[in-house]
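Undergrad: Need a 3D model of the following:
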Amino acid sequence: MSDEVTSWLARNALPLSSLTAGMPTADLQPLKSVLDGVRIVGLGEATHGTSEFFRLKHRLLEFLVEEMGFTVLAMEASASAGPAVDAYVRQGVGDAAQVLAGLGFWTWRTREVLGVIEWMRAYNRGRPEGQKVRFVGIDPQRCDRSLAVVGSFLRKVAPDREAGLLSTLRVLADAYPGSQPDPQRRLVRDAEELLAFLRGHGPGAADAIRHTRILLQAADLVTRARQHTVFAARDRFMAEAVEELLDDPSTRIALWAHNGHIAKSRHGDAIPAMGQHLHARYGDAYYALGLLFGSGSFRARRMWPGPWSRPRAGAPVANRVGPARPGTVEAWLAAASPGDHLVDLRSAATAPKAVREWLNGAHHMRSFGAMVPRWSYRFNVSPATLAEEYDGLAYVAVSTSSQPLSAS
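TA: Numbers count the residues shown, from 1 in each chain. Sure, this is the predicted structure:
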């Protein structure tokens, strides 16, 4: 390892005094200058099952909202079920655990994410509507709520058409991307027919139309055959959901998603990421913060390899990982500053040549999704060119498994 690079990383590390929300924020104050002019902060994560990542994002969200005027938490979660969470955090409608479960992903049914939702409700209580922080799901998956909204509208205005317009689309309640490849794209055509029908019913159909657009995107993902195009379309749809929020010039967004989604270039040099779309449109007003860890455990489902693969089978379990291998980004960060810390990579514009070359070089960093391959997951890494993909990195020394609310 280059002493010049590790010395720069150590000098520019912002030590985190705590990962726990509600603690004093003296250590976070430098972020006010780092994020000056930023409208979207991408809060990444190397795993979907690390307690420390969720706790740190909770703490950063509080700071962004309370001290920097951020107004929205947008999450890699069901766009269909997002309004129910938003109704809870803004008006107290429903139950926190139930609306969280409604998002449809086991990854978010945790004590840590519940704490985020409950804090948002507490923050909003008693505030004028225009000063409340919002919740928005941006992922066009898990569409049972959209089917319910559209079905209810059809029963009021055209009960004789409900079955014909919705029968084939009901599979979108829980079908996952790429699960029903169809070159004819029949589900897409059915969703387009429904959308055209609803557009003829005036302003009263606005909510049903919004949910039908979610169904149309879900149908697009479900019927795609190639994994590459499925993932590319999903990231594009999520970026479009964020862009729609930013039509309001007062909106500032904390964006919660995996590192692979918030990166400013491509997943593994292959798939255009959500963050790439946002960076292309908003430039430096988008800040991508990747979250990495040293060692420990995280929750994920395990897949059997080869023809025995059953990607949706099995409960999430703790997966243990030792210290990062030499040469990985995590190993560099640990060598420079072994404790929990942040480092702003934009400040490297005036760094020594060796540092700039390192940031523009090819490296590897850990990356784990909601599912990992049995046995070999410990070796999962993704290629990374830090200068192209991230504006900053957060490093937590030890990862522990997220805490489920119930059996998932």
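
Undergrad: Look at the closest residue to residue 168 other than its chain neighbours and say how many residues are nearby.
TA: Nearest in space to residue 168, with sequence neighbours left out and distances taken as Cβ to Cβ, 6 or more residues apart in numbering, is residue 190 at 4.9 Å. (Each C-beta comes from the backbone N, C-alpha and C, glycine too.) Using other Cβ atoms under 10 Å, residue 190 has 20 neighbouring residues.

Undergrad: so where is this protein shaky, pLDDT-wise?
TA: Within the chain, the set of residues satisfying pLDDT under 70 comprises 1, 267-269, 305-313, 407-408.

Undergrad: which stretches of it form strands?
TA: 13-15, 40-43, 72-78, 134-139, 253-256, 266-267, 271-272, 286-303, 317-321, 341-344, 363-366, 371-373, 381-384, 392-399 (DSSP state E).

Undergrad: circling back: hmm, the residue nearest to residue 168 is touching residue 164, no?
TA: No: the criterion here is Cβ atoms under 8 Å, and residue 190 misses it with residue 164 at 9.6 Å.

Undergrad: Make JSON lines from the strands of the chain and add distance to residue 56 to it.
TA: Shown next, in JSON lines, are those (distance: least, Cβ to Cβ, whole Å):
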{"stretch": "strand 13-15", "distance to residue 56": "12"}
{"stretch": "strand 40-43", "distance to residue 56": "8"}
{"stretch": "strand 72-78", "distance to residue 56": "14"}
{"stretch": "strand 134-139", "distance to residue 56": "19"}
{"stretch": "strand 253-256", "distance to residue 56": "11"}
{"stretch": "strand 266-267", "distance to residue 56": "23"}
{"stretch": "strand 271-272", "distance to residue 56": "26"}
{"stretch": "strand 286-303", "distance to residue 56": "7"}
{"stretch": "strand 317-321", "distance to residue 56": "18"}
{"stretch": "strand 341-344", "distance to residue 56": "9"}
{"stretch": "strand 363-366", "distance to residue 56": "16"}
{"stretch": "strand 371-373", "distance to residue 56": "22"}
{"stretch": "strand 381-384", "distance to residue 56": "20"}
{"stretch": "strand 392-399", "distance to residue 56": "6"}
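
Undergrad: show me what contacts residue 97?
TA: Residue 97 makes contacts with 114, 405, as judged by Cβ atoms under 8 Å, 6 or more residues apart in numbering.

Undergrad: From residue 134, how far off is it?
TA: Plainly put, residue 97 is 20 Å away from residue 134 if you go by Cβ to Cβ, to the nearest Å.

Undergrad: do the same with residue 223
TA: 31 Å.

Undergrad: Compare neighbour counts for the two and give me the winner.
TA: residue 223 (22 against 18).

Undergrad: Can you tell me the closest non-neighbouring residue to that one?
TA: residue 182 (4.3 Å).

Undergrad: Burial check on that neighbour, number of neighbours?
TA: 14.

Undergrad: and what of residue 122?
TA: 10.

Undergrad: now residue 33
TA: Going by other Cβ under 10 Å, the residues that sit close to residue 33 add up to 8.

Undergrad: how close does it sit to residue 336?
TA: Where residue 336 is concerned, residue 33 sits at a distance of 21 Å (Cβ to Cβ).

Undergrad: cool, and residue 167?
TA: Residue 167 is 58 Å from residue 336, by Cβ to Cβ.

Undergrad: I figured residue 99 hits residue 91, correct?
TA: No: counting by Cβ under 8 Å, residue 99 does not reach residue 91; the two are 11.6 Å apart.

Undergrad: These two: which is more packed in?
TA: Remark: of residue 99 and residue 91, residue 99 carries more neighbours, 22 against 13, as counted by other Cβ under 10 Å.

Undergrad: from the chain's centre, how far out does stretch 219-239 sit?
TA: Stretch 219-239 sits 16 Å away from the centroid of its parent chain (Cα atoms, centre = their mean, to the nearest Å).

Undergrad: Kindly apply the preceding question to stretch 172-190 instead.
TA: That offset, for stretch 172-190, works out to 23 Å (Cα atoms, centre = their mean).

Undergrad: Residues contacting that stretch, please?
TA: With Cβ under 8 Å, 6+ apart, stretch 172-190 has contacts from 104, 141-144, 146-147, 165, 168-169, 171, 215-216, 218-227, 230-231, 234, 312.

Undergrad: Now it: buried residues?
TA: 172-173, 175, 177-178, 180, 185, 187-188, 190 (16 or more other Cβ atoms under 10 Å).
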